[in-house]
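A.B. asks: return a 3D structure for these sequence lines:
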Amino acid sequence: MRMRLIMVAKSERGFVADGLRHYAERIRHMEPLEEVVLADAGKGDPAWQQRMESERIMGALKPGERTVVLDERGKLLTSPAFAQQLGAWRDQGVRGISFVIGGAYGMTDEVRQRADLVLSISPMVFPHQLVRVLFAEQLYRALSILKGTGYHHG
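C.D. replies: From the prediction side, this is the model:
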C-alpha cells in the first residue's frame, strides 16, 4: 500500500524533525511513504488560516485513496485496532492511504467529512508539530503489528 503523510507547514528543526525522519525511514522499510508538505496560510485570522489550509489539503487528496484525518475529536483506537483497520484496507485491495495532519488551527468540517476515518491519538490536545512524531510512531507500530515483528509488546 502506498501511503502519504500530508502535513501543513514544514517540520520544525530539532526533535520533531529528527523524530519524524526516524519513523518515516522505518516505515519506508515496510511500505512506500511520501511526505507531502503544504504551505501554511501565514499570519491572519485563525478561521481564515483554517479555511485556507483546508482548501490546500482538499486539493492534495487523490480520488480513490482512503483518507485518515488526525483530529482531537476523532475516534480513539488502540494500536492493534489501528493496525487491524490498515490490514482490512490492505486486504480489500486499497492501493493508497493519505494521513492528514492539519495546521495549528485544525481543519474544516469539509476535510473531516471527506475522511474515511477521523482518528484521534488522544483526547488531549498536542501541538500539530508534535502530532507528526506521535502519529508516525503509531503508524510504524501498526505496520510492525501487521508484519508480526517484535516491536509491539502488548
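A.B. asks: what segments of the protein are helices?
C.D. replies: Remark: helices assigned in the chain by DSSP state H are 15-28, 46-60, 79-91, 109-114, 128-147.
A.B. asks: out of these, nearest to Ala39?
C.D. replies: helix 46-60 (6.9 Å; C-beta to C-beta). Every residue, glycine included, has its C-beta placed from N, CA and C.
A.B. asks: so where's the protein uncertain?
C.D. replies: 153-154 (pLDDT under 70).
A.B. asks: list the contacts of the closest residue to Ala115 other than its chain neighbours.
C.D. replies: Leaving out its chain neighbours, the residue that sits closest to Ala115 by C-beta to C-beta, 6 or more residues apart in numbering is Val69, at 4.0 Å. Val69 makes contacts with Val100, Gly102, Met107, Val111, Arg112, Arg114, Ala115, Leu117, Val118, Leu119, as judged by C-beta atoms under 8 Å, 6 or more residues apart in numbering.
A.B. asks: please report how far the last one lies from Gly44.
C.D. replies: Going back to what we said before, that points to Leu119. 28 Å (C-beta to C-beta, to the nearest Å).
A.B. asks: show me which of the two is the more surrounded one.
C.D. replies: Leu119 (20 against 9; other C-beta atoms under 10 Å).
A.B. asks: end to end, how far does stretch 34-51 reach?
C.D. replies: Using C-alpha to C-alpha, to the nearest Å, one end of stretch 34-51 lies 24 Å from the other.
A.B. asks: hmm, who's touching that stretch?
C.D. replies: 2-11, 20, 24, 52-53, 56-57, 60, 98, 102-108.
A.B. asks: again with stretch 10-27
C.D. replies: Residues outside stretch 10-27 that contact it (C-beta under 8 Å, 6+ apart) are 3, 5, 33, 35, 37, 129-130, 132-133, 136-137, 139-140, 143.
A.B. asks: just the buried ones from those residues?
C.D. replies: Buried by 16 or more other C-beta atoms under 10 Å: Met3, Leu5, Leu33, Gln129, Arg132, Val133, Ala136, Glu137, Leu139, Tyr140, Leu143, out of the contacts of stretch 10-27.
A.B. asks: would you list those residues in CSV and tack on distance to Ala81?
C.D. replies: Shown next, in CSV, are the buried ones among the contacts of stretch 10-27 (distance: C-beta to C-beta, whole Å):
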residue, distance to Ala81
Met3, 18
Leu5, 20
Leu33, 21
Gln129, 26
Arg132, 21
Val133, 21
Ala136, 18
Glu137, 16
Leu139, 14
Tyr140, 16
Leu143, 14
